[in-house]
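*Asks:* Okay, structure incoming, though there's no sequence with it:
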């Protein structure tokens, strides 16, 4: 019964992912078929590698067998992630990473990876220190958490770094060869930051528990029924597990939606560079780099906001994946102040965006 419950939840997740992908402007039957075939081949290759390692380590010592299996798990996971990212990214969504020889790369996204590397290292060190000080059996529990943290670090950090490096190279290319580059006087930028902050305060939140609790109620009910009726263990343990899982999902959904909306903060806006870059891959504005087309973020419209001061209003949709609550599609916006005498720049943005995002509504000119 437990296996059936897991299979049903996995099936629902796959259906949700398919419906979300169907909504993406880059969807096509050919790209979907290519992605499915690529993923199937990757899974087959990983299964073959695991079987090969098992056969090669048969009769070996327990330490050697464990090391070999951990190695194939880490390497296989990294290869699977890289392969899935490669086969699932359509050609139109591939970022420009070719740079001039004298280009100095930005480290905007990689700085965040360096920060998380320090955080994960500190967490692993804390677990290790506590595990070495406390007696058994708590020692093994804490040391196991240390091992899990180190395993996640070994898998996640390379993926995060490679992804951040790709975005940094794309941002560097954008700054070297933009469609449009607008710079503002500090006083004008501060005034515009105040306007954005005031408009954000008047905007209704995308997600509120009082209004949208029904969105989470059905997934939580399914989790509770599956755990309480199909999982082994005492009732109090299963109840605690359900509360922890549902609470973590609710917190993650709330945090993800709030972060995706990117509610403008006056201090953050004022501290960002008073300039904007539009280019082939996306827009860099307010200290945020947003791409026009990707699997999880894509432009839906570009219009002129006639409220004074006039601005370009860019609307995107962002997909927030969820293991149990399904994929959540969040609308995010980016407002860009139009400087004086920018008619030629607006006309170019109209042409370039219409060609780059043919399924989006571009109404700038």
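*Replies:* Received it, and whenever you're ready, just let me know what you need. Since the model is a prediction, treat every value here as computed from it, not as a measurement.

*Asks:* drop to CA atoms for contacts and neighbour counts, all remaining ones
*Replies:* Will do.

*Asks:* domain assignment for this structure?
*Replies:* As assigned by automatic domain parsing, the chain contains the domains 22-174, 180-363.

*Asks:* If I average pLDDT within each of those domains, which one is lowest?
*Replies:* Taking the mean pLDDT of each of the domains of the chain, the lowest value is held by domain 180-363, a mean of 82.

*Asks:* just how off-centre is that domain within its chain?
*Replies:* 12 Å (CA atoms, centre = their mean, to the nearest Å).

*Asks:* rewinding a little: now render the domains of the chain as TSV, adding mean neighbour count.
*Replies:* Below are the domains of the chain laid out as TSV (neighbours: other CA atoms under 10 Å):
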stretch	mean neighbour count
domain 22-174	15
domain 180-363	16
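
*Asks:* Quick one: the helices in this protein, in order.
*Replies:* Along the chain, counting by DSSP state H, helices occupy 2-23, 29-56, 62-88, 110-133, 138-176, 186-201, 209-230, 235-261, 266-271, 343-356.

*Asks:* so which of these gets nearest residue 95?
*Replies:* helix 138-176 (6.0 Å; CA to CA).

*Asks:* Any idea which of the helices of the chain gets closest to residue 362?
*Replies:* helix 343-356 (6.0 Å).

*Asks:* Against which helices or strands is that closest one packed?
*Replies:* strand 361-363 (3 or more CA pairs under 8 Å, 6 or more residues apart in numbering; DSSP states H and E).

*Asks:* Strand partners (parallel or antiparallel) of the strand it packs on?
*Replies:* strand 297-305 (parallel) (DSSP bridges).

*Asks:* Just want the angle from the partner strand to helix 343-356.
*Replies:* Orientation note: strand 297-305 sits at an angle of 150 degrees relative to helix 343-356 (axes from the mean of the first three to the mean of the last three CA atoms, to 10 degrees).

*Asks:* So which residues make contact with strand 297-305?
*Replies:* Strand 297-305 is contacted from outside by 24-25, 290-293, 310-319, 357, 359-364, using CA atoms under 8 Å, 6 or more residues apart in numbering.

*Asks:* Kindly reformat the helices of the chain as TSV containing distance to residue 281.
*Replies:* Compiled in TSV, the helices of the chain are given as follows (distance: least, CA to CA, whole Å):
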stretch	distance to residue 281
helix 2-23	20
helix 29-56	20
helix 62-88	17
helix 110-133	18
helix 138-176	7
helix 186-201	24
helix 209-230	34
helix 235-261	19
helix 266-271	22
helix 343-356	9
